[in-house]
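>>> What follows is a predicted protein model with its sequence.
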Amino acid sequence: MSAAGVVIVGAGLGGLRTAESLRGAGYAGPVTVVGDEEYLPYSRPPLSKEALAGGIDVATLEFRRKASVDDVTWLRGTPVVACSLEQRFVTLADGTVLEFDGLVIASGIRPRRLPIPGPSFGRHVLRTATDALALRPLLAPGRHVIIMGAGFIGCEVAATARKLGAKVAIVALDEEPMMRPLGLELGAGMRHRHEEHGVHFHLGHTIDEFIGDDHVRSVSLSDGSELPADVVLEAVGSVTNVDWLEGNGLDLSDGVLVDGSMRVATDLAPVVAVGDIARHPNALFDGIPHRIEHWNMPTETGRRAGQTLAALLRGAEPDPAPFTGMPSFWSDQYSHTLQSFGMPGLATSIVMVDGEADGPCIAEFRNGSGLVGVVGVDRTPQLAAYRPQLMQRPLAHA
Amino acid sequence: MVKITVDRDVCQNYAQCCFEASGAFTLGDDAIMTYQAEVDESLRNDVERAADFCPTQAITVE
């Protein structure tokens, strides 16, 4: 082994957990984590919820780092722009070249931007603490906030903006908010809760144009209507940060394809990928690789990836056991808490088994293989029993 | 024994700890989490997972 060690590209939760797992698996060589943000790894979920409502202090959002990674080198504010797996180095935006023996791809995702004509000033996204710091002072009483997209981030910011006294309208192509994971009925129930809090929905529509001289003053919708806008939040999904990996023969069609050990299929170098960017198979479900942008996946995949890379770097084969991390998400909107286990997006039928969509409820998500997911609203204590049940699904052969 | 401390000023009752380590953290019907300050060493891995998965990083394990 050379002295180059491991380079982890991405200083989010996935990068941190992989570093900790490498150390836990006995890897004692140098580890360098490279991040494009100025901050050490911090928790992103509060950025659309309590931190956005109460004030953003990034220091309080920082993850506690295990003592085992005290000797890790953190390079911050330095994006990686290129990589050669064959020659085993990455190039940073400032020209620095870092050689590696093993590489961790943890570069995550960024908000998708749509090419819509009009001024750019007044248009925001929410992914980083820097984004949240820019958005926070604009969510003031009486301000017109337009949210593009009715996914979790859009809906959470809508709830936070209402709490702060802003006027909120959501514009989205979907039939109901959070349609893909929740389905029509639960989605409608969440829409009703937002409407009770004064949020206006313009569903089935897009924004055709931002109107204003140097700053967005209104938005023009596909139905011809115009809505006043002091600030626009664009929350229409994400794109993966794979640009720096181009030219290495990897499958980058939707993030980075990995196997159940989080290993990237290449003979050129030991490489693993983790977190939002890793398209990984889960044997508990269909065994088909998916990217899962849920809170717990960077930790689940990072733990596995660290063990895999440590094995590869000592010349051993990684543990062939299939990956069975349980996908889980939660969302807070007003006083309501959504909690999910499994992969509800794989379901072909949704059955409400407890309550109704406008109140506390639990819905089971099923397909030909049985129960694949469960979603509860204000039923988290009762939902917990589903997790062990889903953990016992027969394993799929990838 | 494994010693558990939860910073209640930071905890938001997201309940992720209850899913990872149900032997130490319990979610009541009121959706408020309660926990045991000391648990058996056999639960250490679960409890450390609970601390890792806490969205607000409110859990300290000794």
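Ah, there it is.

>>> what's around A:Val90, how many residues?
22 (other C-beta atoms under 10 Å in any protein chain shown). (C-beta placed from N, C-alpha, C; glycine too.)

>>> where does it land on pLDDT?
Per-residue pLDDT puts A:Val90 at 98.

>>> hmm, stretch A:362-381 in reach of chain B?
Yes: Stretch A:362-381 lies within reach of chain B by C-beta under 8 Å from any C-beta of the partner chain, at A:378, A:380-381.

>>> Other residues contacting the helix or strand harbouring A:Val168?
Using DSSP states H and E, A:Val168 falls within strand A:167-172. Surrounding strand A:167-172, the residues in contact under the criterion C-beta atoms under 8 Å, 6 or more residues apart in numbering or on different chains are A:142-150, A:154-155, A:158, A:161-162, A:177, A:194, A:198-203, A:205-207, A:219, A:221, A:227.

>>> hang on, the earlier thing: which of the residues of stretch A:362-381 next to chain B sits closest to A:Thr128?
The closest of the residues of stretch A:362-381 next to chain B to A:Thr128 turns out to be A:Thr380 (C-beta to C-beta; 28.1 Å).

>>> ok, the residue nearest to A:Gly189 when sequence neighbours are not counted to A:His336 distance?
Using C-beta to C-beta, 6 or more residues apart in numbering or on different chains and skipping residues adjacent in sequence, the residue nearest A:Gly189 is A:Ala357, 3.2 Å away. A:Ala357 sits 12 Å away from A:His336, going by C-beta to C-beta, to the nearest Å.

>>> can you check A:Tyr42 too?
For A:Tyr42, the distance to A:His336 - C-beta to C-beta - is 25 Å.

>>> thinking again about what came up before, the contacts of strand A:167-172 in helices, which ones?
Among the contacts of strand A:167-172, the members found in helices (DSSP state H) are A:154-155, A:158, A:161-162, A:194.

>>> these two touch, right, the residue nearest to A:Gly189 and A:Leu186?
Yes: look at A:Ala357 against A:Leu186 with C-beta atoms under 8 Å: they come within range, at 5.3 Å.

>>> Compare these two and say which is more crowded by neighbours.
Between A:Ala357 and A:Leu186, counting by other C-beta under 10 Å, A:Leu186 is the more crowded of the two (28 against 20).

>>> And the pLDDT for the more buried one?
pLDDT at A:Leu186 comes out at 97.

>>> State whether it is indeed within a helix.
Yes: counting by DSSP: H, G, I helix; E, B strand; the rest coil, A:Leu186 falls inside a helix.

>>> Phi and psi next, for the closest residue to chain B within chain A.
Closest residue of chain A to chain B, C-beta to the nearest C-beta: A:Pro381 (4.6 Å). Main-chain torsions, A:Pro381, degrees, to the nearest 10: phi -60, psi -40.

>>> mind listing what the closest residue to it other than its chain neighbours touches?
Leaving aside its sequence neighbours, A:Pro381 sits nearest to B:Leu27 (C-beta to C-beta, 6+ apart; 4.6 Å). Taking C-beta under 8 Å, 6+ apart, we find B:Leu27 in contact with A:380-381, A:384, B:13, B:15, B:18, B:33.

>>> now do A:Arg143
A:Arg143 sits in contact with A:166-167, A:230-231, where contact means C-beta under 8 Å, 6+ apart.

>>> Three-state assignment for A:Gln339, please.
A:Gln339 ends up strand, using three-state DSSP.

>>> follow-up on the earlier one: run the chain-centre distance for the strand holding A:Val168.
Between the centre of strand A:167-172 and the centre of its chain there are 22 Å (C-alpha atoms, centre = their mean, to the nearest Å).

>>> Can you name every helix or strand that the biggest helix by length in chain B contacts?
Assignment by DSSP H gives helix B:44-53 as the longest helix of chain B. Here helix B:44-53 touches strand B:2-6, helix B:16-20, strand B:59-61, going by 3 or more C-beta pairs under 8 Å, 6 or more residues apart in numbering or on different chains; DSSP states H and E.

>>> Mean neighbour count, the ones you listed: which tops it?
helix B:16-20 (a mean of 25; mean count of other C-beta atoms under 10 Å in any protein chain shown).

>>> Tell me the spacing between A:Asp139 and A:Phe365.
Quick fix: residue A:139 is Leu, not Asp. The gap separating A:Leu139 from A:Phe365 is 33 Å, by C-beta to C-beta.

>>> So those two - more neighbours on which side?
Neighbours were counted for A:Leu139 and for A:Phe365 using other C-beta under 10 Å; A:Phe365 has more, 25 against 22.

>>> give the contact list for that one.
A:Phe365 neighbours (C-beta under 8 Å, 6+ apart): A:183, A:342, A:344, A:346-347, A:349-350, A:371-375.

>>> mind checking the SS state of it?
Per three-state DSSP, A:Phe365 ends up strand.

>>> before we move on, the earlier item: what is the neighbour count of the residue of chain A closest to chain B?
19.
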